[in-house]
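Enquirer: test case, fold it:
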Amino acid sequence: MRRLSLLFALTLLCGLFAVSASAADAMPQVGTAAPAFRLQDQNGHWRSPADYHGHWLVLYFYPKDFTPGCTTEVCTFRDDIAKLRQAGASVVGVSLDDAKSHAKFAAKYHVPFPLLADTDRKTATEYGVLSNMLGFHYAKRTTFLIDPQGKIAKVYVDVDPKANSSQVLADLVRLKQAAH
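Expert: Predicted coordinates for the structure are as follows:
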């Protein structure tokens, strides 16, 4: 019986790594066009990457509203929003939570940017960030910096919720200077 439990645990663990590896392979790479989507935000407005064409877009995926790391990350982007906007970027968060959950989360933490509801998991799949742990689906904490032409300029994988916003800001400034 113990051998069977160990075998089950190893099979499960290998399955988790297989999902992560295949998702990483599917992630859009720097220089490629950002996958299109159309998702509803916390206020019921529909958003797509085309709405931001001609501007920099910080598109960050996070696992779940109201969890400690996700709250830290949304608040850090919130606190840095003036600097990010001054650098020419819009910020958009995405998780698998519904628009109602996003509305409560945004209201509680005074979020001044869209939080998009990817309830059908299509966008997370297109961006290679959909993960599954023991039957629970979530978007892996990953950020994409998308240039004004709609191409992926930078990808941040397994980000630190406290540091992500400042990393993106520093890279945004650097990339804009390199373009001039």
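
Enquirer: which helix or strand contains the residue lying closest to Leu59 once chain neighbours are set aside?
Expert: Using Cβ to Cβ, 6 or more residues apart in numbering and skipping the chain neighbours, the partner closest in space to Leu59 is Phe144 (4.6 Å). Just so you know, the C-beta spots here come from the backbone N, C-alpha and C atoms, and that holds for glycine as well. Under the criterion DSSP states H and E, the helix or strand holding Phe144 is strand 142-146.

Enquirer: just checking: what are the partner strands of that strand?
Expert: Neighbouring strands of strand 142-146 in its sheet, by DSSP bridges, are strand 56-61 (antiparallel), strand 152-157 (antiparallel).

Enquirer: who's in contact with the very next helix or strand once past the last one?
Expert: On the C-terminal side of strand 152-157, the closest following helix or strand by DSSP H and E is helix 164-179. Helix 164-179 has contacts (Cβ atoms under 8 Å, 6 or more residues apart in numbering) with 56, 58, 60, 73, 76-77, 79-80, 83-84, 87-89, 143, 145, 147, 153-154, 156, 159.

Enquirer: list only buried entries from those.
Expert: Buried residues within the contacts of helix 164-179, defined by neighbour count using 16 or more other Cβ atoms under 10 Å: 56, 58, 60, 73, 76-77, 80, 84, 87, 89, 143, 145, 147, 153-154, 156, 159.

Enquirer: any chance you could map the strands in this protein?
Expert: Listed in chain order, the strands found in the chain under DSSP state E are 39-41, 46-47, 56-61, 89-95, 115-117, 130-133, 136-139, 142-146, 152-157.

Enquirer: looking at these, which is closest to Pro28?
Expert: The minimum distance between Pro28 and the strands of the chain falls on strand 152-157, with 5.1 Å, by Cβ to Cβ.

Enquirer: mind saving the C-alpha coords of that closest one as CSV?
Expert: As requested, C-alpha coordinates have been extracted for strand 152-157 and formatted as CSV (Å, rounded to 0.1, in the frame of the first residue of the first chain):
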residue,chain,number,x,y,z
ILE,A,152,6.1,41.2,-26.6
ALA,A,153,9.0,43.3,-25.4
LYS,A,154,9.8,41.4,-22.1
VAL,A,155,8.5,38.4,-20.2
TYR,A,156,8.8,38.1,-16.4
VAL,A,157,8.2,34.5,-15.1
